[in-house]
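Engineer: Fold the following.
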Amino acid sequence: MNSVSGVTEQTSAGVEQVLASVEEQTKMTEDIVSGFKELESLTKRLEEVVLEDGEQKE
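Structural biologist: Next up is the predicted model:
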């Protein structure tokens, strides 16, 4: 019975490690998505500034 208990503990520890890794990857993915949203916003703002500047020169 001790061997079953040991295997159960090892399996549980393995599952916890996988879960921690998945959570870390999820956080990293969320950070990447946030960065792309910020980049998109800055790109749109830059386009607006360039268009405004072009209109002022006409």
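
Engineer: hey, let's count contacts and neighbours off CA atoms from now on
Structural biologist: Noted.

Engineer: Now do residue 26 against residue 45, distance only.
Structural biologist: 29 Å (Cα to Cα, to the nearest Å).

Engineer: Correction: the previous question concerned residue 7.
Structural biologist: In terms of Cα to Cα, residue 7 sits 57 Å off from residue 45.

Engineer: So which other helices or strands are in contact with whatever helix or strand residue 22 lives in?
Structural biologist: Assessed by DSSP states H and E, residue 22 sits inside helix 2-57. Contact here means 3 or more Cα pairs under 8 Å, 6 or more residues apart in numbering; DSSP states H and E; on that basis helix 2-57 packs against no helix or strand.

Engineer: Number the residues from 39 up from this point.
Structural biologist: Shifting the count to begin at 39 puts that one at helix 40-95.

Engineer: Let's test this: mean pLDDT of it, rounded?
Structural biologist: Helix 40-95 shows an average pLDDT of 95 in the prediction.

Engineer: for this protein, which residue is closest to the average position?
Structural biologist: Ranked by distance to the mean C-alpha position of the chain (Cα atoms, centre = their mean), the top residue is residue 67 at 1.9 Å.

Engineer: how far does the helix holding residue 60 sit from the chain's center?
Structural biologist: Distance of helix 40-95 from the chain centroid (Cα atoms, centre = their mean, to the nearest Å) equals 0 Å.
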